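> Here you go, sequence then predicted model.
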Amino acid sequence: MRYEAVRVSLGRRFAALMLDWLSCYFIITAISGGIGATVPNRPFYVLGLFFTQIFILSWLQGASLGHRIFGIRIIRYVDGGPINARQAFIRSALLLTVIFAITFDEEGRGLHERFSQTILIRN
């Protein structure tokens with residue numbers, strides 16, 4: 001048995017992802033002295049904050065900042081319940097590799113969703 005829900009379009013997914021990434025970029029940029037400041041390894045700080053934000057908000061609220069703004073939430077694929085910490089961690093870690101985020105199965109789920117047994121749905 002699996003949960004049936006309204007699929008989320010690729011455009012909505014991408015917009016939410018970009019909003020999450022840009023929010024992390026601007027936070028790190030503000031903390032590190034602004035756009036003109038030279039900060040070694042800034043991309044890694046952004047990546048770390050991005051992972052942390054996605055992991056914590058997905059696990060505790062079922063949606064990241066971008067998801068909330070674009071009317072998306074994350075649920076368990078099997079029964080539609082809230083995801084657990086393990087699922088949030090797997091999903092977030094695989095999302096960082098990009099290839100899992102841009103590769104979809106026949107049901108329109110990203111591979112990071114397939115491996116974490118989650119699905120994005122419209123609110």
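Nice, thanks for sending it over.

> got the buried residues for stretch 44-60?
For stretch 44-60, the neighbour count (16 or more other CB atoms under 10 Å) marks Tyr45, Val46, Leu47, Leu49, Phe50, Phe51, Gln53, Ile54, Phe55, Leu57, Ser58, Trp59 as buried. Just so you know, the C-beta spots here come from the backbone N, C-alpha and C atoms, and that holds for glycine as well.

> ok, and what's touching it?
Residues from elsewhere that reach stretch 44-60, judged by CB atoms under 8 Å, 6 or more residues apart in numbering: 20-21, 23-25, 27-28, 32, 39, 63-65, 67, 74, 83-85, 87-89, 91-93, 95-96.

> rerun at 6 Å
Residues outside stretch 44-60 that contact it (CB atoms under 6 Å, 6 or more residues apart in numbering) are Trp21, Cys24, Tyr25, Ile28, Ser64, Ile74, Ala85, Ala88, Phe89, Ser92, Leu96.

> And for stretch 106-123?
5-8, 71-75, 77, 83, 87, 90-91, 94-95, 100-101, 103-105.

> on that earlier part again, which ones among the contacts of stretch 44-60 are found in helices?
Trp21, Cys24, Tyr25, Ile28, Ala85, Ala88, Phe89, Ser92, Leu96 (DSSP state H).

> Can you flag the buried ones in these?
The neighbour count (16+ other CB under 10 Å) marks Trp21, Cys24, Tyr25, Ile28, Ala88, Phe89, Ser92 as buried among the ones in helices among the contacts of stretch 44-60.

> want to throw those residues into JSON lines with pLDDT and distance to Leu111?
JSON lines is the format used below for these (pLDDT from 0 to 100; distance: CB to CB, whole Å):
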{"residue": "Trp21", "pLDDT": "95", "distance to Leu111": "19"}
{"residue": "Cys24", "pLDDT": "96", "distance to Leu111": "22"}
{"residue": "Tyr25", "pLDDT": "93", "distance to Leu111": "25"}
{"residue": "Ile28", "pLDDT": "92", "distance to Leu111": "27"}
{"residue": "Ala88", "pLDDT": "97", "distance to Leu111": "16"}
{"residue": "Phe89", "pLDDT": "97", "distance to Leu111": "16"}
{"residue": "Ser92", "pLDDT": "94", "distance to Leu111": "14"}
